[in-house]
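Trainee: here is a sequence with its predicted model. Questions after.
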Amino acid sequence: MKQLRTVRGVQDILPAQYKYFKAVVDTASLWAERYGFKAMSLPIIEKEEVFKRPLGETSDIISKEMFTLENRDKGEKIILRPEATASIARSFLQHGLQHNLPQKLYYWGPMFRYERPQKGRLRQFNQFGVEFLGVDDPYQDVEIISLGYNLLKALGLENDVELHINTLGDTASRSAFREALVTYFQSVKSGLSEDSLKRLEVNPLRILDSKNEGDQKLCQQAPKFDAYLSKTSKMHFDRVCNGLKILGIKYIHKSNLVRGLDYYCHTVFEFSTKKLGSQGAVLAGGRYDGLTSYMGGQPVEAFGWAAGIERLMMLLEENKTFNLKKERCIGVIPLDENAEIPCWKIAQKLRQEGFSVDILWKGTMGKRLKKLDKANVDIAILMGEDEQSVNKVMIKFLKESRQELASIDTLAAFLKI
Ligand code: ATP
Ligand code: MG
C-alpha cells in the first residue's frame, strides 16, 4: 500500500522542532502579558463575510488563497481562517467589547492559505498575534511595535531582522494618492506586468508591492505618497517615527511597503529577515481603524500584528544562541522485579511534587543509563534489594560520577536542594 503522507503544503511538527514552536509561543505569551494583553482563542472556521470585505476582494488572500468548505446545514459557505484580525473584530462586535475599551487581546493558532508551498510558506501555518482595540495615539502604535521588537530580542533574533515601516495615511490621503498613481501608471501601461495591469483596475496601490522587476523600475518614478498625505496623517507618522527613536528601535522607512489588505490605514510595518529567502516577513501588522465598520459596527481605532511561528522557529533553529528552557528530569530505575512497584510509587510522588520523571522499566543497567545520558538527564534514582530493605534509594548524579543513599520519605525535599 502507498505510504500515507500529509496534504501538500502542511507539515507535522515533531518533538525535535516542537521545542522551538513552544519557545516561540511561550516567549510571545510572556511578553504579551508583560504589556497587559489577555489571551483568547478563536474558531478556525468562520463565515466568508468575516474576511471578504475587510481584507478586500482583490487581496491575494480573498482572490486566490481561501480554503472554502460547505456547511451542510444551510448550504452556506464557511472558510478555514486565513488570518485572525478579522475574526477578532467579529468576536469583539459579537460580544459587545466595544463598550469596554480598550481591549488588549492575543491569540495563537493555525491559519490556512492556498499558496504555492515553499520553505517558510505553508498552506497550514501558525500565527501568534496581538490586537489592541480602542487606541488612537501614534505612541501606542510604537508601544505595540516595541512588543514585537522585545519578543524578537528575547528570542535572540534582533540582529537577524530589520524593521520596515510606512504610512498608508487616512482615507482621503489614500484616495488622492490612488488617483495620482492611476494617472501615472496609465501613462506607462505598456511596461506593466499582466498582474499589475489587473491591479491598476482594482487596487493600484498594490502595484508598489509587485515583485516583478519591470514593475519595480516603473515604481521608482511613480508619485510618492508623502506628497499626498494630509496634515494629520503626516503628524501621525512623524510621531510614530519619533516614538521609535525614543525607545531606540532602529527602523527603515520603506515607501513601497503597502501590505496587501484593505483594512490597514496609517502605520504599517514589517520585521523582515534576509535569512529565509523571499519568505522574509516574520512579524507584521499595522493600524486598522476602519475594520469594525466593514462589519456594520462603529469604527474602533486599533493596532495589531501577527508573527509567523514557523518562520520564527526556522530562525531560532539556525541561531543557536537562544537557550531553550530545560526542565530538570529524573530517571527512576528499578533494579529487579520487586523494586518495580516501589519505584512506580516514588515516581508518582515525585511528579506530584513537581518533578519530571521517566521510569526506565527494562533493559540492562548500561542501556538504561545510556538512554538517560542521551536525554541529558542528570539524576538517576536506583532501587534494588539492598536499598529496598532499608527503605532507601541510591541517587546517582550522572554528570558528577557521584552517588548517595537517600531515604524515600524525604526524597523530594532532598532533590529540591
Ligand atoms: P508574505 O509577504 O510572506 O506572503 P503576508 O504579508 O501574507 O506574508 P501576513 O498576512 O502579514 O503575511 O501574516 C503575518 C505573518 O504570518 C507573516 O509575516 C509571516 O511570518 C506569516 N505567514 C504568512 N503567510 C504564511 C505562510 N503561507 N506560511 C508561513 N508563514 C506565513
Ligand atoms: Mg502572503
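Mentor: Cool, got the structure. Ligands and ions are numbered 1, 2, ... in the order given.
Trainee: how many neighbours does the residue lying closest to Leu316 once chain neighbours are set aside have?
Mentor: With CB to CB, 6 or more residues apart in numbering as the criterion, Leu316 has its nearest non-adjacent residue at 4.7 Å, and that residue is Tyr20. The way it works is simple: take the backbone N, C-alpha and C, and place the C-beta from them, glycine included. For Tyr20, the neighbour count with other CB atoms under 10 Å is 22.
Trainee: how much space between Tyr20 and ligand 1?
Mentor: 14 Å (CB to the nearest ligand atom, to the nearest Å).
Trainee: and the pLDDT at that residue?
Mentor: Note for Tyr20: predicted pLDDT of 95.
Trainee: where's it, which helix or strand?
Mentor: Element membership for Tyr20, per DSSP states H and E: helix 15-34.
Trainee: just list what the helix or strand just after that helix packs against, helices and strands only.
Mentor: Heading C-terminal from helix 15-34, the first helix or strand you meet, by DSSP H and E, is strand 38-39. When contacts are defined as 3 or more CB pairs under 8 Å, 6 or more residues apart in numbering; DSSP states H and E, strand 38-39 packs onto helix 15-34, strand 103-112.
Trainee: residues touching Ala380, list them.
Mentor: Counting by CB atoms under 8 Å, 6 or more residues apart in numbering, Ala380 touches Ile330, Gly331, Val332, Ile333, Leu369, Leu372, Ile395, Lys396, Leu398.
Trainee: restricted to strands, list those.
Mentor: Among the contacts of Ala380, DSSP state E puts Ile330, Gly331, Val332, Ile333, Ile395, Lys396 in strands.
Trainee: got JSON lines for those, with distance to Ile417 too?
Mentor: JSON lines is the format used below for the ones in strands among the contacts of Ala380 (distance: CB to CB, whole Å):
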{"residue": "Ile330", "distance to Ile417": "14"}
{"residue": "Gly331", "distance to Ile417": "19"}
{"residue": "Val332", "distance to Ile417": "19"}
{"residue": "Ile333", "distance to Ile417": "21"}
{"residue": "Ile395", "distance to Ile417": "12"}
{"residue": "Lys396", "distance to Ile417": "16"}
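Trainee: in CSV: these, plus neighbour count.
Mentor: Converted to CSV, these look like this (neighbours: other CB atoms under 10 Å):
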residue, neighbour count
Ile330, 22
Gly331, 23
Val332, 23
Ile333, 24
Ile395, 18
Lys396, 19
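Trainee: from Phe271, how far out is the residue in the stretch 251-400 of the chain positioned nearest to ligand 1?
Mentor: Per CB to the nearest ligand atom, Gly308 is where the stretch 251-400 of the chain lies closest to ligand 1, at 2.2 Å. From Gly308 across to Phe271, the span is 10 Å (CB to CB, to the nearest Å).
Trainee: looking at the two, which is more packed in?
Mentor: Phe271 (26 against 23).
Trainee: the more buried one against Glu162, yeah?
Mentor: Yes. With contact defined as CB atoms under 8 Å, Phe271 and Glu162 form a contacting pair (7.1 Å).
Trainee: quick revisit: reformat the ones in strands among the contacts of Ala380 as a markdown table; add pLDDT.
Mentor: A markdown table is the format used below for these (pLDDT from 0 to 100):
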| residue | pLDDT |
| --- | --- |
| Ile330 | 95 |
| Gly331 | 96 |
| Val332 | 97 |
| Ile333 | 97 |
| Ile395 | 96 |
| Lys396 | 94 |
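Trainee: return the most buried member of the helices and strands packed on strand 38-39.
Mentor: strand 103-112 (a mean of 20; mean count of other CB atoms under 10 Å).
Trainee: need the residues of the chain near ligand 1, please.
Mentor: 83, 113, 115, 120-122, 125, 127, 260, 279, 281-284, 306, 308, 310-311 (CB under 6 Å from any ligand atom).
Trainee: restricted to strands, list those.
Mentor: Phe125, Gln127, Ala281, Val282, Leu283, Ala284, Ala306, Gly308.
Trainee: how about the residues you listed in JSON lines, adding pLDDT?
Mentor: Below are those laid out as JSON lines (pLDDT from 0 to 100):
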{"residue": "Phe125", "pLDDT": "98"}
{"residue": "Gln127", "pLDDT": "98"}
{"residue": "Ala281", "pLDDT": "95"}
{"residue": "Val282", "pLDDT": "98"}
{"residue": "Leu283", "pLDDT": "98"}
{"residue": "Ala284", "pLDDT": "97"}
{"residue": "Ala306", "pLDDT": "98"}
{"residue": "Gly308", "pLDDT": "98"}
